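# Sequence and predicted model, in that order:
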Amino acid sequence: KQGQTRLSSYYEWMDMAERVALESEIIRKCLSRSELQCSFVEYRGFKVIYRRYASLFFIVGTKADIDVRKLSNSGSSSSSNGMRKMGDNQSPENYENELGLLEFIHTLVETMDRWAGSICELDIMYQLEHVHFLLDEMVMNGYVTETNKSNVLRPIDLIDRESKKNEGMFR
């Protein structure tokens, strides 16, 4: 079953039907691209950064850059969509670094490999709670907060150790 989402985490609210539709469209788009094509795609108002590891695709999405040329023609008042113009304190551009997000994907996969041996689809499916915890250690409220593999894995190792004890903390 190629193209099935095994793990997803959203940091802005999106309706479930919209999520499912968006995920399936993005997955189809990524699967249709060759290995020689760039790993960055702009799609429906999002920048999509993806990387393939064996049979797994890791996909990160962020807001797309807003065309500043369209906003520079008018004054410095707020526009109809709530974005501020160039003259105000906030800039309408998205300053997410695509290469930084690609490196984040690589770090995430390396951390998962260190945790599970060689990460595969079954590890994600059967240990979903651990994978979510690992991702939550690295990303908080949509921002990458930790990239040190040892710091990310330390709490997971503690949980694993405690769960293996006879007198574990939850007994």
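Everything's here; your move.

# pretty sure residue 105 contacts residue 48?
No - using C-beta atoms under 8 Å, residue 105 is not in contact with residue 48, being 11.5 Å away. (Glycine included, C-beta is placed from N, CA and C.)

# first to last residue in stretch 44-63, what's the distance?
Distance between the two ends of stretch 44-63: 9 Å, counting by C-alpha to C-alpha, to the nearest Å.

# What are the phi and psi values at residue 52?
Note on residue 52: its backbone torsions stand at phi -100, psi 130 [degrees, to the nearest 10].

# Strands along this protein, start to end?
Assigned by DSSP state E, the strands in the chain fall at 40-43, 46-53, 56-63, 139-140, 143-144.

# Check which strands are paired with the last one and give the direction for each one.
This points to strand 143-144. In the sheet, strand 143-144 lines up against strand 139-140 (antiparallel) (DSSP bridges).

# What of the third one?
Partner strands and pairing direction for strand 56-63 (DSSP bridges) are strand 46-53 (antiparallel).

# Buried ones in the strand it pairs with, by neighbour count?
46, 47, 48, 49, 50, 51, 53 (16 or more other C-beta atoms under 10 Å).

# Now do the contacts for the first one.
Which is residue 46. Applying C-beta atoms under 8 Å, 6 or more residues apart in numbering, one finds that residue 46 lies in contact with 22, 26, 61, 62, 63, 64.

# And the residue nearest the centre of the chain, how far from residue 96?
Here the mean C-alpha position of the chain is nearest to the C-alpha of residue 60 (C-alpha atoms, centre = their mean), at a distance of 3.6 Å. Separation of residue 60 from residue 96 (C-beta to C-beta, to the nearest Å): 9 Å.

# ok so, going back, shared neighbours, residue 105 and residue 48?
Contacts common to residue 105 and residue 48, judged by C-beta under 8 Å, 6+ apart, are residue 60.

# which sections of the protein are below the confidence cut-off?
By pLDDT under 70, the weakly predicted segments of the chain are 1, 66-94, 166-171.

# Where is the longest helix in it?
Counting by DSSP state H, the longest helix found in the chain is helix 98-116.

# which of the residues in it are buried?
By neighbour count on 16+ other C-beta under 10 Å, the buried set for helix 98-116 is 101, 102, 104, 105, 107, 108, 109, 111, 112, 115, 116.

# Can you name the residues bridging to the residue lying closest to the first one once chain neighbours are set aside?
This points to residue 101. Leaving out its chain neighbours, the residue that sits closest to residue 101 by C-beta to C-beta, 6 or more residues apart in numbering is residue 49, at 4.5 Å. In this entry, residue 49 is beta-bridged to residue 40, residue 60, by DSSP bridges.
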